[in-house]
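Undergrad: any chance you could fold what I've pasted below:
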Amino acid sequence: MGDHGPAQGFGRWLFTTNHKDIGSMYLWFSFAMFLMGGVFALVIRAELFQPGLQLVEPEFFNQMTTMHGLVMVFGAVMPAFVGLANWLIPMMVGAPDMALPRMNNWSFWILPFAFALLTSTLFMEGGGPNFGWTFYAPLSTTYAPPSVTYFIFAVHIMGASSIMGSINIIATILNMRAPGMTLMKMPLFVWTWLITAYLLIAVMPVLAGCVTMMLMDIHFGTSFFNAAGGGDPVLFQHVFWFFGHPEVYIMILPAFGIVSAIIPTFARKPLFGYASMVYATASIAFLSFIVWAHHMFTVGMPIAGELFFMYATMLIAVPTGVKVFNWITTMFRGSMTFETPMLFSIAFVILFTIGGFSGLMLAIAPADFQYHDTYFVVAHFHYVLVPGAIFSIFAAVYYWLPKWCGNMYDERLGKAHFWLSFIGLNVTFFPMHFVGLAGMPRRIPDYALQFADFNQIASMGAFLFGFSQVFFLFIVIKTIRGGKQATEEVWENPEGLEWTIPSPAPYHTFTTPPAIK
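TA: Reported below is the predicted structural model:
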């Protein structure tokens, strides 16, 4: 800022290179996107409360399903994990800041513009993107509204942000670890993010190529995805899912790192099988690249292709099962207490496992012909992403908030938020398994009468879950503004007896952080 001293007010946030400031901005931005994506979801659930068209036009309904998916994936989950990475990784590896602080600032500040661009499409002539968050061609090329061009530009900006963030994380972890901290002594959150960052750098250019081919088809007369010009719409699905499947692991691996930090703390035991957790994470990352076409069993691929993708997908359940086994073994015979972060982590393990089992069902090619594009798929991926990604982010906020702001959150309010979210989530998504198996297709604004009861239940659960998150906002603001001082040893057992974690790595004692004064 030249000779004028440090920036004041808004300037402080605009020009900051401090990893904690940038982490906080990512977290606040992602929460705003989470609420916005949630509003889109509630429009969907309100329309589906009963059969018949009552609230919105089918066209607008399609825009809502598209925007809900895009905003939640790229605007809520991913920036939240990047925010946690910014806050925690430098402290966990003993670095003074991120390796590339200016780029860190840049990679955050392009995001609000990307999402402003994306949401502005809803107000354009012809409406916003109406082709689903997977934007399959030719719906997204030949038949798309004019606003699709702005959507493509927004996706490019998000991708650039992700790639820059990932380069920064890799450079920080590989170059700035404290002396003596070998790779196998890093906290698991750092490991999961290192692997996630490599995944992002590998797949984000594929997404960029995908939307660029769309742009060429729309404006420059090419026929990548247009059969009339010698192209192939199925090619779009291959390119998209080659990005899209690793993407879903990008949204879950950092969550594995979070619960691997929290469960040992509240079980008062070191994490069981640290090395196996690292290898399992790396295996999941590798396998995520060779299973993409399990999203495409119904396109008419050769039987050999179906068999390969079926077996490869079932294989991914093995390292994932190793992780679940390790978390359960960590809790086994531990001196467990059930503070809010632990409740979210245990719910994560149980519900994520349910989502994993329904994923195993979808992996079986002949069965998938029945499940494909039904609400069973919607139930499956929400059981992975909501208790997986979202619950782990809640757990992380409750766990590290005392370290971030020096105040302790109100435990009763935190538990109330947990139970409201837990009940809301299950009431929303569990009935979807049933309507899906009974044949209700996804992404439709109206449905047959026999699906009415379960849809009504799901919609009520969705509103409960949605409004619980406003309560969460209240808890966080209340904690930041004041409350009980967080003690030197933030997490202590209810009897007030101090404890330390026996740890495989000297720096793992980070999990009982001193509050920042």
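Undergrad: helix or strand right after the lengthiest helix in the chain?
TA: Assignment by DSSP state H gives helix 188-219 as the longest helix of the chain. From helix 188-219 onward toward the C-terminus, using DSSP states H and E, the following helix or strand is helix 233-250.
Undergrad: residues in contact with that next one?
TA: Helix 233-250 is contacted from outside by 73, 78, 134-138, 196, 199-200, 202-204, 206-207, 209-210, 213-214, 224-227, 284-285, 288-289, 291-296, 299, 381, 384-385, using C-beta atoms under 8 Å, 6 or more residues apart in numbering. (Glycine included, C-beta is placed from N, CA and C.)
Undergrad: drop anything exposed from the residues you listed.
TA: 73, 78, 134-135, 137-138, 196, 199-200, 202-204, 206-207, 210, 213-214, 224-226, 284-285, 288, 291-296, 381, 384-385 (16 or more other C-beta atoms under 10 Å).
Undergrad: list the helices and strands the longest helix of the chain packs on?
TA: Using 3 or more C-beta pairs under 8 Å, 6 or more residues apart in numbering; DSSP states H and E, the elements in contact with helix 188-219 are helix 78-93, helix 148-175, helix 233-250, helix 253-267, helix 274-287.
Undergrad: which parts of the second one are buried?
TA: So that's helix 148-175. By 16+ other C-beta under 10 Å, the buried positions in helix 148-175 come out as 148-152, 154-170, 172-173.
Undergrad: helices of the stretch 351-500 of the chain, start to end?
TA: 365-371, 375-385, 391-405, 411-437, 452-481 (DSSP state H, counting those that start in this stretch).
Undergrad: and Pro129, backbone torsions?
TA: Pro129 adopts backbone torsions of phi -60, psi 130, taken as degrees, to the nearest 10.
Undergrad: what about the closest residue to Asp368 other than its chain neighbours, neighbour count?
TA: Spatially, and ignoring its direct neighbours in sequence, Asp368 is nearest to Phe297 (4.6 Å; C-beta to C-beta, 6 or more residues apart in numbering). With neighbours defined by other C-beta atoms under 10 Å, the count for Phe297 comes to 23.
Undergrad: who's in contact with Phe297?
TA: Glu306, Phe309, Ala365, Asp368, Phe369, His372.
Undergrad: so the second one touches Ala293, yeah?
TA: Translated: Phe309. Yes - look at Phe309 against Ala293 with C-beta atoms under 8 Å: they come within range, at 4.6 Å.
Undergrad: what's the overlap in contacts for the two?
TA: Counting by C-beta under 8 Å, 6+ apart, the residues touching both Phe309 and Ala293 are Met301.
Undergrad: can you list the weak-confidence ranges in this structure?
TA: Within the chain, the set of residues satisfying pLDDT under 70 comprises 1-6, 488-517.
Undergrad: could you give the angle of the host helix or strand of Asn62 to helix 375-385?
TA: Assessed by DSSP H and E, Asn62 sits inside helix 58-70. Helix 58-70 runs at 30 degrees relative to helix 375-385, counting by axes from the mean of the first three to the mean of the last three C-alpha atoms, to 10 degrees.
Undergrad: make CSV out of the contacts of Phe297 and add distance to Leu464.
TA: Listed next are the contacts of Phe297 as CSV, based on distance: C-beta to C-beta, whole Å:
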residue, distance to Leu464
Glu306, 40
Phe309, 37
Ala365, 36
Asp368, 31
Phe369, 34
His372, 29
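Undergrad: sec struct for the residue lying closest to Val259 once chain neighbours are set aside, please.
TA: In this structure, Val259 finds its nearest non-sequential neighbour in Ser345, 4.5 Å apart by C-beta to C-beta, 6+ apart. Taken by DSSP: H, G, I helix; E, B strand; the rest coil, the conformation at Ser345 corresponds to helix.
Undergrad: Ser345: neighbouring residues, count only.
TA: 30.
Undergrad: ok, it - contacts?
TA: Each residue near Ser345 by C-beta under 8 Å, 6+ apart is listed here: Ile258, Val259, Ile262, Ile263, Phe266, Phe391, Ser392, Ala395.
Undergrad: so the fifth one touches Met336, yeah?
TA: Spelled out, that is Phe266. Yes - look at Phe266 against Met336 with C-beta under 8 Å: they come within range, at 6.0 Å.
Undergrad: so between those two, which is more surrounded?
TA: A count of neighbours by other C-beta under 10 Å puts Phe266 above the other of Phe266 and Met336, at 24 against 16.
Undergrad: roughly how far apart are the residue nearest to that one when sequence neighbours are not counted and Tyr26?
TA: Excluding the flanking residues, the one nearest Phe266 by C-beta to C-beta, 6+ apart is Met342, at 3.9 Å. For Met342, the distance to Tyr26 equals 25 Å [C-beta to C-beta, to the nearest Å].
Undergrad: out of the two, which sits in the busier spot?
TA: Tyr26 (26 against 23).
Undergrad: just want the angle from whichever strand or helix holds that one to helix 375-385.
TA: Assigned by DSSP H and E, Tyr26 belongs to helix 19-47. If you take the same axes, to 10 degrees, helix 19-47 sits at 160 degrees to helix 375-385.
Undergrad: spit out the contact partners of the nearest residue to Phe74 once chain neighbours are set aside.
TA: Excluding its sequence neighbours, the residue lying closest to Phe74 (C-beta to C-beta, 6+ apart) is Met158, at 4.9 Å. Counting by C-beta under 8 Å, 6+ apart, Met158 touches Phe74, Leu111, Ala114.
Undergrad: quick one: the closest residue to Ile169 other than its chain neighbours and Met164, what's the gap?
TA: Nearest non-adjacent residue to Ile169, counting by C-beta to C-beta, 6+ apart: Ala197, 4.4 Å away. Using C-beta to C-beta, Ala197 is found at 11 Å from Met164.
Undergrad: how about Tyr409?
TA: Taking C-beta to C-beta, one finds Tyr409 at 32 Å from Met164.
Undergrad: next: Gly94.
TA: Gly94 is 23 Å from Met164, where distance means C-beta to C-beta.
Undergrad: and the closest residue to Asn455 other than its chain neighbours, how many residues sit next to it?
TA: Distance criterion C-beta to C-beta, 6+ apart; nearest residue to Asn455, sequence neighbours excluded, is Leu48 at 5.0 Å. Look at Leu48: counted by other C-beta under 10 Å, it has 25 neighbours.
Undergrad: please apply the same query to the one 3 residues further on.
TA: Neighbourhood size, Pro51 [other C-beta under 10 Å]: 14.
Undergrad: contacting residues for Glu356?
TA: For residue 356 the amino acid is Gly, not Glu. Listed by C-beta under 8 Å, 6+ apart, the contact set of Gly356 reads Ala317, Thr320, Gly321, Val324, Val384.
Undergrad: and the residues you listed, which are buried?
TA: The neighbour-count test (16+ other C-beta under 10 Å) marks Ala317, Thr320, Val324, Val384 as buried among these.
Undergrad: isn't there a helix covering the first one?
TA: Yes - when three-state DSSP is applied, Ala317 is found to be in a helix.
Undergrad: excluding chain neighbours, what is closest to it?
TA: Leu360 (5.6 Å).
Undergrad: ditto for Asp232
TA: Phe225 (6.8 Å).
Undergrad: so the one you found sits against Met214, correct?
TA: Yes - in this structure, Phe225 is within contact of Met214 by C-beta under 8 Å, at 7.3 Å.
Undergrad: list residues touching both of these two?
TA: Ala137, Thr141, Phe236.
Undergrad: please report how far the first one lies from Val203.
TA: It refers to Ala137. 19 Å.
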